[in-house]
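K.L.:
Take this sequence and fold it.
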Amino acid sequence: MSRTNEAGDGHRVDESELEPIEPSEAVEMYLQNRKPELSEKSVQNHTYRLDKFERWCAEQEIENLNHLTGRDLHRYRNWRARDVATVTLVGELRTLRVFLEFCASIDAVESGLREKVLIPSVSDEEESKDVHIEPERAERILEHLNQFQYASRDHVVFAILWHTGFRLGTLRALDIDDFDTAEPCLEVRHRPESETPLKNGEAAERSIAVSDHYRAVIEDYIKHNRYDVTDDYGREPLITSEYGRLTGTAIRTAIYRLTQPCTYGECPHDREPSDCEYTNYAQVSECPSSLSPHTIRRGSITAHLREGTPGEVVSERMNVSADVLDKHYDERTEREKMRVRRDYLEGP
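P.N.:
Next up is the predicted model:
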C-alpha cells in the first residue's frame, strides 16, 4: 500500500518505493560501506556523530527512516545546536548529509532529503578546529597533480600549502623574488603597505626551506605556466592570474575543488561528476568531501608532529605558538606522542 509523509517544505512525499529500516541498522550499513575508504579515526568520528542522531531518533520515537522529513532534520539541528559549538555542529551535519545520501541510495529515505540539512556558515579557521586533511589523502592529490597537472598553478598552490603549512594569506603574499633557487627556500615577508600583510605581522617573517623536488616544481611553474604579470604595486607575485596576484577567494576555491575526491579518484557519494552540481565553480565548497585551505595547514602540522619533528621546529616553521599548536593543531593520540618521544630519545 502506498503511503505519503509530510516533508519539511509542506509537500507530501510518496513512500511507496521506500523500504522500512531502523536508524541503527541504516547507520551500521553506512559505516560498513565507508570503512574501506576512511581512516580508522574518521570512522570513529562518523560513528560518534551519528550516535547523536540515533539517540535523537530514539527520543523522538522515529523507528523507520522512511518517515524522516525536512522538518525533523530542522528539529534535530536545533537540538544539537543547544549543546555544541557551531563548528562542531557543522561537522555533524555534514556527516549527516553524507549518511542521508547513502540512505537514499538504499531506498531508506526520499532522494534529495540531504539537501534539507541546512549547514551554518563558519570561517576557514573556525572549521579547521574540527577538520584536517589526512596525509594519505594529501599525497594522493599531489601524486595526481604530479602526473596529470605537473607544475600547473594548482600543483604549486597545493604543494606549497602542504609542504610548508602556510596560511592562505602567506601563500598569496609571495613574490618571485621571495623564491631562492640556490638555497632553496621561500622568504616570507610582511608587506602591509602593498596589501599583503601577514597574520602575525613582522613576527611571522621567516625563511622556509623547500625540498629539491618542490624547488623543481616551482621553477617549472614559473618558466612555463605562471602568468607574467605584476600587481597594482609593481610587484611580481609568485601565484598569479592573468590579471595579477591571485585572490584569496580563487585560492580557496582551488583547494575546495582539488580536495573533491572525484578530482583525483572516485566519488564516495555515488555521483557522476558530469551530473553533479558540486563540480560547478560556485558550488565546490558545498561538496560534503571538499576541504578548506586551513585544513591543509592543520593536516600538514599534524603530519610533521607525527613524523617526530620537534614541536619548537614546527612552531617556527608554521608560525604558530606552542600553546595554539597543542590546543588547536596537534591531533595525535597520547600513544602517538609517546612513540614519537621514545623514537626521539632512543635515536636511530
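K.L.:
buried stuff in stretch 137-145?
P.N.:
Within stretch 137-145, the residues that qualify as buried are 137-138, 141-142, 144-145, counting by 16 or more other CB atoms under 10 Å. C-beta here means a position set from N, CA and C on the backbone, and glycine is covered the same way.
K.L.:
Starting from Ala138, give me the distance back to the most centrally placed residue in the chain.
P.N.:
Ranked by distance to the mean C-alpha position of the chain (CA atoms, centre = their mean), the top residue is Leu291 at 2.1 Å. Leu291 sits 10 Å away from Ala138, going by CB to CB, to the nearest Å.
K.L.:
Same check on Asn66?
P.N.:
Counting by CB to CB, the separation of Asn66 from Ala138 is 39 Å.
K.L.:
before we move on, back to that, can you lay out the buried residues of stretch 137-145 as JSON lines showing pLDDT?
P.N.:
Rendered in JSON lines, the data for these read as follows (pLDDT from 0 to 100):
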{"residue": "Arg137", "pLDDT": "94"}
{"residue": "Ala138", "pLDDT": "96"}
{"residue": "Ile141", "pLDDT": "97"}
{"residue": "Leu142", "pLDDT": "97"}
{"residue": "His144", "pLDDT": "97"}
{"residue": "Leu145", "pLDDT": "98"}
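K.L.:
Show me the residues you listed that map onto helices.
P.N.:
Cross-referencing the buried residues of stretch 137-145 against helices under DSSP state H gives 137-138, 141-142, 144-145.
K.L.:
which one among these gets closest to Arg82?
P.N.:
Within these, distances to Arg82 taken as CB to CB reach their minimum at Arg137, with 32.9 Å.
K.L.:
What degree of burial does the nearest residue to the residue nearest to the centre of the chain once chain neighbours are set aside show, as a neighbour count?
P.N.:
In this structure, Leu291 finds its nearest non-sequential neighbour in Thr259, 4.2 Å apart by CB to CB, 6 or more residues apart in numbering. A count of nearby residues for Thr259, using other CB atoms under 10 Å, gives 23.
K.L.:
With the one 5 residues further on instead?
P.N.:
By other CB under 10 Å, 17 other residues sit near Tyr264.
K.L.:
and what of the one 10 residues further on?
P.N.:
The number of residues packed near Ser274 is 7, by other CB under 10 Å.
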